[in-house]
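S.K.: Kindly generate the corresponding structure for this input.
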Amino acid sequence: MIKFLPLIFILLWSSAFITTKPIVDYSDPFSALSFRFLIVTFGFFLFSFYKKHKILLKKKYFIPSLATGVLFHGFYLGGVFYSISIGLPTGIAALIVTLQPILTNALAGPVLNEKITWKKWLGVFLGFIGASLVIGFDIGKTLPTAGVVAAFISLISVTSATLWQKKISNNLPLSTSNMYQAIGGLLFHLVIIIFFIQKPFIDFSTTFIIAISHQILLVSFGAFTILMFLIKKNSASKTVSVFFLIPPTSAIMAWIFLGENLNTIDIFGFTVATLGVFIATREKD
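M.R.: Residues are numbered from 1 along each chain as shown. Okay, the predicted model is just below:
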């Protein structure tokens with residue numbers, strides 16, 4: 001079962017980009033994320049209580065877990081949601097964030113003392129080329145500068161969070177660690193709302209409820225827990241290599257569920273990205 005976790009993660013994480021657009025159509029991004037992580041925090045609290053995991057943590061565990069949540073759920077998701085809400089195409093946001101393996105591979109050596117072989121670099125290169133083919137030929141609109149900047153902030157944040165989470169590598173139960181990370185994300189978005197959002201709003205339409213429920217249940221409880229597990233079990237560079245499959249997988253989902261075009265170049269790009277991920281992840285750590 002464990003060997004299928006990366007595939008499950010890719011499907012769940014990719015689907016989040018499809019449901020982000022309807023969420024920001026019916027709410028401001030930070031109110032939606034505050035609501036999401038309020039529910040997620042409560043959910044992980046109930047699970048931790050049920051499993052009788054220790055909920056009150058020592059300072060050396062509490063602060064790192066909270067900080068990781070601020071990076072993952074705050075800056076990363078906040079940047080993605082904000083960029084899409086002001087008009088950055090979903091695929092472009094996904095592609096920018098997908099540069100993460102390049103940054104992680106570049107930093108995993110000096111930060112985590114991981115060995116980054118030429119095969120992993122080749123896999124990263126092919127993965128990026130494949131992802132670019134899927135998204136790149138669809139670029140034809142003027143991109144909002146603030147949206148591009150926000151997406152790159154997301155990129156830096158998710159890379160930092162991955163390296164930080166691998167470096168601290170505590171032995172906390174995933175449910176407890178995830179609960180405090182969700183609290184970090186919730187606090188971040190509440191601060192943004194209080195100081196920067198003039199009219200926070202959520203329209204609890206049927207579309208919003210379905211989309212946010214998907215992101216709470218399948219992404220926050222599902223995909224993120226799998227990601228934390230993979231980071232804990234594998235090297236940081238190997239874990240994030242699968243992110244190159246996110247843009248092409250999102251493109252295929254958009255073709256199936258939203259009726260968006262998927263041409264021959266897109267299919268070729270998906271194949272190249274798959275090859276890159278295979279090469280980057282086939283070596284044992």
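
S.K.: Show me the contact partners of stretch 25-37.
M.R.: 23-24, 73, 77-78, 81-82, 84-85, 182-183, 185-186, 189-190, 192-193, 196-197, 199-205, 207-208, 212, 215-216, 220 (Cβ atoms under 8 Å, 6 or more residues apart in numbering). Using the backbone N, CA and C atoms, a C-beta is placed for each residue, glycine as well.

S.K.: Then stretch 54-64?
M.R.: F45, S48, F49, S65, W164, I168, N170, L172, T176, M179, Y180.

S.K.: Distance from stretch 45-65 to the middle of the chain?
M.R.: Between the centre of stretch 45-65 and the centre of its chain there are 23 Å (Cα atoms, centre = their mean, to the nearest Å).

S.K.: got it, and stretch 2-19?
M.R.: 10 Å.

S.K.: quick one: the strands in the stretch 1-150 of the chain?
M.R.: In the stretch 1-150 of the chain, no strands are defined using DSSP state E, counting those that start in this stretch.

S.K.: Mind checking which of the contacts of stretch 25-37 are in strands?
M.R.: Nothing among the contacts of stretch 25-37 maps onto strands, per DSSP state E.

S.K.: Just the buried residues of those residues.
M.R.: 23-24, 73, 77-78, 81-82, 84-85, 182-183, 185-186, 189-190, 192-193, 200, 208, 212, 215-216, 220 (16 or more other Cβ atoms under 10 Å).

S.K.: on that earlier part again, by neighbours, which of the contacts of stretch 54-64 wins?
M.R.: M179 (27 neighbours; other Cβ atoms under 10 Å).

S.K.: Helix or strand: which one has that residue?
M.R.: Using DSSP states H and E, the element containing M179 is helix 174-196.

S.K.: and that helix, how far from the chain's centre?
M.R.: 15 Å.

S.K.: hang on, the earlier thing: looking at the contacts of stretch 54-64, which are in helices?
M.R.: Mapping these onto helices (DSSP state H) picks out F45, S48, F49, S65, W164, I168, T176, M179, Y180.

S.K.: picking up where we left off before, among the contacts of stretch 54-64, find the lowest-pLDDT one for me.
M.R.: Note: of these, the lowest pLDDT belongs to N170, at 59.

S.K.: Mind pulling up the pLDDT for the closest residue to D203 other than its chain neighbours?
M.R.: The spatial neighbour of D203 that comes closest, neighbours along the chain excluded (Cβ to Cβ, 6 or more residues apart in numbering), is Y26 at 4.3 Å. The model reports Y26 with a pLDDT of 97.

S.K.: Give me the phi and psi angles of Y26.
M.R.: Backbone torsions of Y26, given as degrees, to the nearest 10, read phi -120, psi 10.

S.K.: Can you give me the neighbour number for it?
M.R.: By other Cβ under 10 Å, the residues close to Y26 number 18.

S.K.: With adjacent residues omitted, what lies nearest to I252?
M.R.: Per Cβ to Cβ, 6+ apart, closest to I252 is L262, 6.4 Å.

S.K.: typo on my end, it should be P29
M.R.: F81 (3.5 Å).

S.K.: Please give me every residue in contact with that neighbour.
M.R.: T20, I23, V24, P29, F30, A32, L33.

S.K.: Now do the spatially most distant residue from the centre of the chain, the pLDDT please.
M.R.: Going by Cα atoms, centre = their mean, the residue of the chain most distant from its centre is K52, 28.5 Å out. On the pLDDT scale, K52 is placed at 86.
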